[in-house]
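Peer 1: Fold the following.
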Amino acid sequence: MTQLSLVIVLFAALLIPLVMAKFKLTALPTAVIEIITGIILGQSGLHLVNASEPLNLLSDIGVIVLLFLSGMEIDFSLFQRRPVPRTHFEKEAALSATKIKSPVKIATEAYITIMILSVLLALCFKITGLFSDVWLAAILFSTISLGVVIATLKERELLSKAYGQTLLLIAVLGEVVPMMALTIYASVFGNSQHSLWLLSLIFFAALILFQRFRSFFSFFERINKSTTQLDIRLAFFLVVTLVTIAESVGAESILGAFIAGIVLKLLQPHEDTRDKLDSFGYGLLIPIFFIMSGVTLNIPKLVSDPKTLILIPLFFVAYIIAKLAVIIVLKQRFKHLNALAGGTLNMATITLVLAVLKVAKNMHAITSQQSGAFILSAVITCVIAPLLFNRLYTPEPEDKRKATVNFIGTNTATIPVAQQLTKDRYDITMFTDKEKNYRAFNSETHVELLDSLDTNEVVEHKVFSADILVLGHFDAMKNYRLALAAKEFGVPRVIARFEDRNILKNEAEDELVNAGVEVYNTPEANISLLRSLIEVPSTLQILQNTEAAIYEVTVHNRRYTGTSIRDLPFIAEITISQIYRDGKFIKPAGDTLIQLNDRLIFTGNKDRAPVIREALGRLNSN
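Peer 2: This next block holds a predicted model:
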C-alpha cells in the first residue's frame, strides 16, 4: 500500500505542472496546487494516499531540502556596505540610492510590526479564553511560508529585484525568528534537557564549515568528475551535519537546514550547482512535502467539532491582521498597489505552522482540534494570498526601465540608428552643438541643443548620465576628448567613432581602448562586412531581410541557465550563431548548456526576437 501511495503522489507531482500549463493556471503557485491536490487524494477526499512512515519520512526530508534551498535564495549583497563612489557617475547613483530605503531596512521594520501585532493578537485570544498559550499563538501568527513566497516570486521572476528581495527577506524573518522562538519555547516550557546556550553551537559549526570550505569552488573544476558530483556531495554533507547538530542541541532540524543553505550560498557555488540542487529538490522531495501536507489533513473531522468551526475563521483572521502593517511599511518604497500585493503574499503561512504544531503536540501544549484549526486556516491563507498577489501586482518602474543611450553627434550616420533603437527597449536622447543640425533633425527624434561640447557643458546637461554614450561626431578629436572624460565620469559603456587616422594616432586609440572605450570606424566596418559576405554568404540576406535581424543579449535570467540550446522553449524561432563566454567565442551545438552571463548572438524575426531577448536578459535570482 505504501508503494502504491508513493506512485500516486509522484504521478500527481508530475501531472500538476502539466495540467497547470495546459489550462494556463498561473494565478496560484505550484506549491499551493500541490497542497490542494493532497487534500483531494488524502483523508479529506478520495483516500487514495495514506500517510505511511516512508512517505512521512520523505515529506520530512522534503521540508528540510525546502528550507536548505530557501537559505540559498538570500542575496547577501544587500547586507554589504556600499563601496565608496569614485567617479561622478557612481556618486550620482549613490546619492539617489541614499534617498531610497534598502530592502533590509524595510523588511526589518515590516517584521517588527508583525511580531508586535502577533503578541497583541495572542493576548486577545487568551483574554477571550479561545486559546490560552500566548507565546505559542504569537509564534504561529508571526510565521510566513517562505516556500510559498519563493514559489510565487520565482514564477513571476521577481527574486532578483528590490521588490522581490524585500518580500523574500520579510519571509525569511518569518521563518527564522519563529524557528528560534520555537526552540526557546520548547526549551523553557518543554521537557528538553538541553540548555539554550547550546543553540550557539549550530552557528559555531556553520562558521567552521564555512571557513573550511570557503575555497572549495576555486579548485572544484580541476578535481570534479561527472561520476563524483563533488558539489552535490558537499551540499548534502552541510545539510546532514547542521541538521544533526541542530537536533542534538534541542533545536529544530529545519533551522539547521536553513543555516546550511546560507553556508553554501556564502561559498558562492557555480550556477550549475544551484540548478542541480533545484532539480533534485523541486523535482522530487519538495512536491512530496506539499502534497503530504494536504494528505494528512482530515477536514471532515475538523469541521465536525463546533469549537474548531469557530476557531478556523478566527485563526485565519489573526494570520491576516498580524501582517496588515506590512502594507504600510512597504508603501515607503513601492507603489500602493504593490505594497498591498506584498502584504497579502506575506499572509501565507503553512511550512513552519506544521513544524510548530508538531512540537506543540509532542509537548501536549495544544489539542488536536486546535491544531487542526491552525492548519486549515493556514492552508486557506496559502490559497488566497498568492491568488491576491498575482491579481494585484503590477511591474514597478524599475522593472520596466529602459537602457539610457545618449548620442553626441546628430547627423545622417547617427539619426537612423537612434530612430530604430527608440522603437526597441532604449531611451534615446541626441545632443548637438550645431543649430543647423538641431533644426534639421529635431522633428525626427529627441534632440537637445548645447552651446558647446566642452566637458563642463556636457556634464551640466547630464549627457554623461547614461548607460551607453555614443560619440558619433565627425570630429575625431572631439570624440577622443569626450570619450576619456566620459570614462573618467564613470559611464559604463562609451562607443566612439573615429574616421580620420591622420588626426588620431594609433597611440591615442590604444589609450581609449585601455580606458574601456569601444572604438569603431566606417572603413573597418566595411572591411569586416565584406569579409563576412565572403565567409558567410547569408550575411547580406540577414542584413537586408526586413523580417529578421541580428541580436545580442547577455543571459541574466536563471530560468534558462543550465538548459541546453535544443531545449530552449523558443529555439525554433531563433538561430544562435555565437556564444561569448569567459573572454572567448564558442561555437554552439544543440547540447551546449546556457550559462549565466553568456552573451548570445542570434538572428530571429523582428517581431518575436526582441521579446525573446527581453526574456533571456531579464534579471531573475533563480
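
Peer 1: all strands in the stretch 401-550 of the chain, in order from the N-terminus.
Peer 2: Here the stretch 401-550 of the chain has its strands, by DSSP state E, counting those that start in this stretch, at 403-408, 426-432, 447-449, 468-471, 493-497, 517-520, 548-554.

Peer 1: Does residue 343 touch residue 324 like I think?
Peer 2: Yes: Residue 343 is within contact range of residue 324, at 6.7 Å (criterion: Cβ atoms under 8 Å). The way it works is simple: take the backbone N, C-alpha and C, and place the C-beta from them, glycine included.

Peer 1: Please say which of the two ends up with more neighbours.
Peer 2: Neighbours were counted for residue 343 and for residue 324 using other Cβ atoms under 10 Å; residue 343 has more, 26 against 14.

Peer 1: What lies in contact with stretch 481-497?
Peer 2: Applying Cβ atoms under 8 Å, 6 or more residues apart in numbering, the contact partners of stretch 481-497 are 86-90, 408-409, 413, 453, 455, 458-459, 464, 466-473, 476, 479-480, 511-512, 515-522.

Peer 1: among those residues, which ones are buried?
Peer 2: 88-89, 408-409, 453, 455, 458, 464, 466-473, 476, 479-480, 512, 517, 519, 521 (16 or more other Cβ atoms under 10 Å).

Peer 1: How many neighbouring residues does residue 156 have?
Peer 2: Residue 156: 19 neighbours (other Cβ under 10 Å).

Peer 1: dump the residue contacts of it.
Peer 2: Contacts of residue 156 by Cβ under 8 Å, 6+ apart are 164, 390, 393.

Peer 1: what's the spacing between it and residue 27?
Peer 2: 11 Å (Cβ to Cβ, to the nearest Å).

Peer 1: and what of residue 555?
Peer 2: From residue 555 to residue 27 the distance is 28 Å (Cβ to Cβ).

Peer 1: for residue 374, same thing?
Peer 2: Residue 374 is 25 Å from residue 27, by Cβ to Cβ.

Peer 1: Neighbour count: those two, which is higher?
Peer 2: The neighbour count for residue 374 versus residue 27, taken as other Cβ under 10 Å, is higher for residue 374 (28 against 13).

Peer 1: which SSE is that one in?
Peer 2: Per DSSP states H and E: residue 374 is located in helix 368-392.

Peer 1: circling back: so can I have TSV of the strands of the stretch 401-550 of the chain showing mean pLDDT?
Peer 2: Below are these laid out as TSV (pLDDT from 0 to 100):
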stretch	mean pLDDT
strand 403-408	89
strand 426-432	89
strand 447-449	89
strand 468-471	92
strand 493-497	90
strand 517-520	86
strand 548-554	75
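
Peer 1: Ok, which of the ones you listed comes nearest residue 360?
Peer 2: Nearest to residue 360 among the strands of the stretch 401-550 of the chain is strand 548-554; the distance by Cβ to Cβ comes to 49.6 Å.

Peer 1: buried residues in the helix or strand that the closest one is followed by?
Peer 2: With elements assigned by DSSP H and E, the helix or strand that comes after strand 548-554 is strand 574-581. Using 16+ other Cβ under 10 Å as the test for burial, strand 574-581 gives 574, 576, 579, 581.

Peer 1: quick one: secondary structure of residue 269?
Peer 2: coil (DSSP: H, G, I helix; E, B strand; the rest coil).

Peer 1: residue contacts, it?
Peer 2: 217, 231, 235.

Peer 1: ok, it to residue 218 distance?
Peer 2: 12 Å.

Peer 1: Could you do residue 343 as well?
Peer 2: Counting by Cβ to Cβ - residue 343 and residue 218 are separated by 42 Å.

Peer 1: what do you get for residue 567?
Peer 2: 30 Å.

Peer 1: More neighbours: these two, which one.
Peer 2: Just comparing residue 567 and residue 218: by other Cβ under 10 Å the higher neighbour count belongs to residue 567, 13 against 10.

Peer 1: What separation is there between that one and residue 522?
Peer 2: 41 Å.

Peer 1: Now do whatever helix or strand residue 17 lives in: everything it contacts.
Peer 2: Following DSSP H and E, one finds residue 17 within helix 2-22. Here helix 2-22 makes contact (Cβ under 8 Å, 6+ apart) with 25-26, 30, 33-34, 37-38, 41, 48-50, 52-55, 58, 284, 287-288, 291-292, 295.

Peer 1: quick one: the helix or strand just after it to helix 2-22, angle?
Peer 2: Once the chain leaves helix 2-22, the next helix or strand it forms, by DSSP H and E, is helix 30-41. Angle of helix 30-41 versus helix 2-22, following axes from the mean of the first three to the mean of the last three Cα atoms, to 10 degrees, is 130 degrees.

Peer 1: Against which helices or strands is helix 30-41 packed?
Peer 2: helix 2-22, helix 146-155, helix 286-295, helix 368-392 (3 or more Cβ pairs under 8 Å, 6 or more residues apart in numbering; DSSP states H and E).

Peer 1: Report the buried members of the contacts of helix 2-22.
Peer 2: Among those, the ones that count as buried by 16+ other Cβ under 10 Å are 30, 33-34, 37-38, 41, 49-50, 55, 58, 287-288, 291-292, 295.

Peer 1: coming back round to it: deepest in the core, which of the strands of the stretch 401-550 of the chain is it.
Peer 2: strand 468-471 (a mean of 24; mean count of other Cβ atoms under 10 Å).

Peer 1: Would you mind writing the CA trace of it as CSV?
Peer 2: Provided in CSV are the C-alpha atoms of strand 468-471 (Å, rounded to 0.1, in the frame of the first residue of the first chain):
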residue,chain,number,x,y,z
ILE,A,468,25.6,54.0,-23.0
LEU,A,469,27.2,57.1,-24.6
VAL,A,470,27.6,57.1,-28.4
LEU,A,471,30.1,59.6,-29.7
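
Peer 1: who's in contact with residue 360?
Peer 2: 133, 136, 366, 371.

Peer 1: got the buried residues for the helix or strand it falls within?
Peer 2: According to DSSP H and E, residue 360 maps onto helix 351-362. Residues 351-357, 359-360 are the ones in helix 351-362 that count as buried (16+ other Cβ under 10 Å).

Peer 1: which of the residues you listed lies closest to residue 597?
Peer 2: Lowest distance from residue 597 to those (Cβ to Cβ) belongs to residue 351, with 32.5 Å.

Peer 1: is it true that residue 254 touches residue 67?
Peer 2: Yes: when contacts are counted by Cβ under 8 Å, residue 254 is listed as touching residue 67 (4.6 Å).
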